[in-house]
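Asks: Here is the input, now give the coordinates:
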Amino acid sequence: MTPKRTKWWLIALGLAVVVAGLVFFTANRDGAVEGVARQGAKQAGSAPAPPVPQVQVITVAPQTIPDEPEFIGQTESSRPVEIRSQVTGILKERFFVEGRDVKQGERLYQIDPVPFRAAYLSAKAKVAQAEARVVQAKQNLDRVKPLLAEQAVSQKDVDDAVAEDLSAKGALEAAKADVVKAKFDLDNTLIVAPISGRIERSRVFEGRLISAQTDLLTMIHQLDPMYVYASAPETFVLKRFRDRAEKRVQGATLYQLKGAITFADGSTYPHQGALDLLDVSVRTATGTRDFRVTFPNPDKVLSPGQFVTMRVLGAVRTDVMLVPQKVVQQGPKGSIVYVVGKGDKVELRDVQATAWRGSQWVIEDGLRAGDRVIMDGFAKIGPGMQVKPISPTGPDSVPPTPPADAKTNGVK
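Replies: Down below sits the predicted model:
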């Protein structure tokens, strides 16, 4: 074999070896891929299904609870009396101590009485003059009447005598009226307390010219009893009347309701009040109706102008559900809760959560007796999902109870 042919045989042999290696590599690669695929399919077929999530649930039941709405109220004295002078004059003296209690009839101010005493004496003197004119006119009339029958005087003379007599009597009545007015002015130079109560600071001082019925001198507040005024939205009042008609709210009627006060520091007032006024009209600016509760105030703890929280007592609300606050979520249309429905599947329920009672929501609509309300795990559930309900643990496992009556909280 020639060297040239030997060279070609070597090239052909090398090419054959390369082709055989490629075929072998390809065959082994496909087998490896198929093996990996078969192994993955085997593992996938043997993987367990994800566990059904466990959720704590509470079973709700209808309850009757005290219906005690709260309002922000402001105290006001039952009789705030303005002290003004009935006469114009110079203030001569002030008798009371500011900020103290005064009794009815107690002296408060003295207006300089000298000019008024002079006016009174002058009016009395004019009465004496008028009385003398009446006597003179009567005597004159008595003289001329008999002379008319004898034609010794004219009819005009008699008529003049009658007119003079009537004029004198009228002047006497006017003079007596002036005496009454002068006596009234003189008496009112001494200003006394028209009621018993606590008096404010004086707004005027000695030496000032006081204008009659214009200048406010001071004020007296009757502090026992005290009023607390509050405002209820018109929507609340309308709903209250509807609930009363539908028997959802029962118990005390409107003017049998009581009131309890909580102060700004959290302390409670030891006496109950009685609701005695629901205003007739609605305030157009705010859409509210004012109401008033009257409280006894024997120890003068309440003062005018205080802001207090007032709880209205006496009524009960029937067929409501109580659930922990954490179970109520906010949806696009309002409050929602998750419940476990048929087949232990999650349902989304719209509810009407109206008020808090301690750590619980009052649900008036949207839940039925026996519903199982989900209490936790909201991030891992959704409507239609299968869940495993379990009994709750911790403080929420205790059945909800209505709050204690106001009398157990130190309110009489």
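Asks: quick one: the residue lying closest to R240 once chain neighbours are set aside from P332, how far?
Replies: Nearest non-adjacent residue to R240, counting by C-beta to C-beta, 6 or more residues apart in numbering: V249, 6.7 Å away. Just so you know, the C-beta spots here come from the backbone N, C-alpha and C atoms, and that holds for glycine as well. Noted for V249: a distance of 30 Å to P332, by C-beta to C-beta, to the nearest Å.
Asks: Which residue of the two possesses the greater neighbour count?
Replies: Counted by other C-beta atoms under 10 Å, V249 and P332 do not tie: V249 has more neighbours, with 18 against 5.
Asks: Quick check: beta-bridge partners of the more buried one?
Replies: Note on V249: beta-bridge partners by DSSP bridges are R317.
Asks: quick one, what contacts it?
Replies: D67, R240, D243, A315, V316, R317, T318 (C-beta atoms under 8 Å, 6 or more residues apart in numbering).
Asks: Could you tell me which residues make contact with Y109?
Replies: I83, S85, L91, E93, R94, F95, L190, I191, V204, L217.
Asks: where does it land in three-state SS?
Replies: strand (DSSP: H, G, I helix; E, B strand; the rest coil).
Asks: got the phi/psi numbers for V127?
Replies: With angles defined as degrees, to the nearest 10, V127 sits at phi -60, psi -40.
Asks: Between all of the contacts of V249, which two are separated the most?
Replies: Put simply, by C-beta to C-beta the two of the contacts of V249 set farthest apart are R240 and T318, 14.1 Å from each other.
Asks: which stretches of the stretch 1-150 of the chain have low pLDDT?
Replies: Where the stretch 1-150 of the chain drops to pLDDT under 70, the residues are 1-49.
Asks: Please report the distance of the residue nearest to R240 from K345.
Replies: Taking C-beta to C-beta, one finds V249 at 36 Å from K345.
Asks: List the residues that contact S122.
Replies: A182.
Asks: now it, what's its secondary structure?
Replies: helix.
Asks: Where do the strands of the stretch 1-150 of the chain begin and end?
Replies: Counting by DSSP state E, counting those that start in this stretch, the stretch 1-150 of the chain has these strands, from start to end: 54-59, 63-67, 70-84, 89-94, 101-102, 107-111.
Asks: can you tell which of the ones you listed is closest to K156?
Replies: It's strand 89-94; of those, that one is closest to K156 (C-beta to C-beta) at 49.1 Å.
Asks: Taking strand 107-111 as reference, get the angle to that closest one.
Replies: Angle of strand 89-94 versus strand 107-111, following axes from the mean of the first three to the mean of the last three C-alpha atoms, to 10 degrees, is 140 degrees.
Asks: V362 reaches Q325, doesn't it?
Replies: No - contact criterion C-beta atoms under 8 Å: V362 and Q325 do not qualify, at 10.6 Å.
Asks: list the residues that contact both of the two?
Replies: The contact lists of V362 and Q325 share W356, where a contact means C-beta under 8 Å, 6+ apart.
Asks: Compare these two (neighbour count), which wins?
Replies: V362 (18 against 13).
Asks: Q129: which of the contacts of V249 is nearest?
Replies: Among those, and counting by C-beta to C-beta, the member closest to Q129 is R240, at 71.1 Å.
Asks: what's the stretch of helix or strand that closest one belongs to packed up against?
Replies: Per DSSP states H and E: R240 is located in helix 234-245. Contacts defined by 3 or more C-beta pairs under 8 Å, 6 or more residues apart in numbering; DSSP states H and E place helix 234-245 against strand 249-251, strand 288-295.
Asks: buried stuff in stretch 159-168?
Replies: For stretch 159-168, the neighbour count (16 or more other C-beta atoms under 10 Å) marks A161, E164, D165, A168 as buried.
Asks: so the third one touches K138, yeah?
Replies: Yes - taking contacts as C-beta under 8 Å, D165 lies within contact range of K138: 5.7 Å.
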